[in-house]
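J.: need a structure here:
(one chain, ligands or ions: 1)
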Amino acid sequence: MAVLETGEALTAEDHAQSMAEYIRAGTERAYAIGNRGPIRLDANGKLEQDILDAYWEHGFYVFEGVVGTEELEELRGEVEWMLDRAPTDPKGTIDAQGRPAFGQQFTRPCYRYARPLSDPLGGTGLNKGRHPAKMNEAKPAADAPAWTVQNLHGNLQLMDSTLVLYGHPGLLTVAEAVLGEDFVPYNEVTFIKEPGLGPSVAWHQDGTTHWESDDWDHGAHGFNFMTQLYPSTAANCVWILPGTHKQGRVDIRGMVAAAGSDRLEGAIPLLCKSGDAFMLNRQVVHGSFANTSAERRVTLNAGFFPRKRVMDMTVEHLDGRVVTFDDEHIHERSRMIAVGIDARRQRFPDEAPYRYAPLAGQEEDNHWNETTRETVVKNYNLRDMYV
Ligand SMILES: O=C(O)CCC(=O)C(=O)O
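T.: Numbering: from 1, shown residues only. Below is the predicted model:
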């Protein structure tokens, strides 16, 4: 835990104060770069080239107004339900009301916890050691709970509204523009940063496999969409170092040492309103600070890769499972895109659905219904791909 000169641990108020000037300067830089606006398509229904160019230049783009009010309410409602039914601690099976907690039917745990205002990853070997430097932790309020839910894992089997969002034609058109029409899924995770509790996510680059490849490029580890259910403010949001997706592996520990704190020089906050979604290149240096602000952030991540970067790769997942992504694996995992498109077609029948080329003609097998909930969606995240 960070300490003051007096040797006392930083309180949440001290932490918030230590961020004030950094937030002011970062916000100014964020608005100067811009890289934001609605999803714009050209006459052929493809993403406008200037958006694509801006993404490749800086490694991110903020899409404004992606989710409308009604859809936002549905998403928020389901996240709230998930939190309401969460076990009270990481090993628990009972929720705060004494009911059996949700999620026992899934093979992989769906809730992930952290200590309030802590940094569970920085400076540890966890996540393949990709978070090399510790963030400032702070002392939570005396009445804070012992644990806070940091993530929901496997969104698409937990909350139907996220499956509907997954089929969003605008977002999928963006994915096609960046990765090619045979793009494939990665994983879907919710990040929750409750006010006064949300832990930090130490600075990192996401990719783990292709850094030394002869054909490494600026998009070798794909990207994440991060859809915001509440305002993503400079005090609770993801911060990034623009352009670092072009630099190969970056010496994060050295940068933190040079900055003299976890407040890296030149970083910008990814500011969003509720319903905005940003696209972030996984090779960009990024992280988030302990949320000592008064505002909640809830972000739905959905990641995608270029197919050629996962095809026939054998990888060790973060939980130690060794898996080869052969054609059958990729096909089965990609069915979630087709089922998501059908879920959206049912929920928003007036919207033109996205056409996912790799599974075109297989719509009959990939309807969203109670059968595919069991046969395709349940435990779909055992097939998450990771590079
Ligand atoms: O949402 C956050 O706070 C961090 C997200 C992140 O680091 C990631 O998705 O890789």
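J.: how about low-confidence regions in the stretch 51-200 of the chain?
T.: The model of the stretch 51-200 of the chain has no residue with pLDDT under 70.
J.: Residue numbers of it in contact with the ligand?
T.: Residues of the stretch 51-200 of the chain that fall close to the ligand, judged by C-beta under 6 Å from any ligand atom: residue 191. Bear in mind the C-beta positions are built from the backbone N, C-alpha and C, glycine included.
J.: Could I get the contacting residues of the closest residue to the ligand within the stretch 51-200 of the chain?
T.: Here the stretch 51-200 of the chain gets closest to the ligand at one residue, residue 191, 3.6 Å apart by C-beta to the nearest ligand atom. Residue 191 is in contact with 150-151, 201, 226, 288, 297-299, 301, counting by C-beta atoms under 8 Å, 6 or more residues apart in numbering.
J.: again with residue 297
T.: Taking C-beta under 8 Å, 6+ apart, we find residue 297 in contact with 191-193, 198, 228, 230-233, 236-237, 291.
J.: Take these and keep only those in strands.
T.: Among those, the residues falling in strands (DSSP state E) are 191-193, 228.
J.: pLDDT averaged over stretch 243-258 - what is it?
T.: Confidence for stretch 243-258, expressed as mean pLDDT, is 96.
J.: Tabulate the CA atom coordinates of it in PDB.
T.: Extracted in PDB, the C-alpha atoms of stretch 243-258 (Å, rounded to 0.1, in the frame of the first residue of the first chain):
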ATOM      1  CA  GLY A 243       0.600   4.800 -30.100                       C
ATOM      2  CA  THR A 244       2.400   2.200 -28.000                       C
ATOM      3  CA  HIS A 245       0.800  -0.600 -30.100                       C
ATOM      4  CA  LYS A 246       3.500   0.200 -32.700                       C
ATOM      5  CA  GLN A 247       6.500  -0.100 -30.300                       C
ATOM      6  CA  GLY A 248       6.700  -3.800 -29.600                       C
ATOM      7  CA  ARG A 249       7.100  -4.700 -26.000                       C
ATOM      8  CA  VAL A 250       7.500  -1.600 -23.900                       C
ATOM      9  CA  ASP A 251       9.500  -1.300 -20.700                       C
ATOM     10  CA  ILE A 252       6.700  -0.500 -18.300                       C
ATOM     11  CA  ARG A 253       8.800  -1.000 -15.200                       C
ATOM     12  CA  GLY A 254      11.300   1.500 -16.500                       C
ATOM     13  CA  MET A 255       8.500   4.000 -17.300                       C
ATOM     14  CA  VAL A 256       7.100   3.800 -13.900                       C
ATOM     15  CA  ALA A 257      10.500   4.300 -12.400                       C
ATOM     16  CA  ALA A 258      11.100   7.300 -14.700                       C
END
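J.: Would you mark the buried spots in it?
T.: Buried positions in stretch 243-258, judged by neighbour count with 16 or more other C-beta atoms under 10 Å: 243-245, 250, 252, 255-256.
J.: cool, stretch 130-147 as well?
T.: 130-140, 144, 147.
J.: Columns secondary structure on top of these, output as CSV?
T.: Below are the buried residues of stretch 130-147 laid out as CSV (DSSP: H, G, I helix; E, B strand; the rest coil):
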residue, secondary structure
130, coil
131, coil
132, coil
133, coil
134, coil
135, coil
136, coil
137, coil
138, coil
139, strand
140, coil
144, coil
147, coil
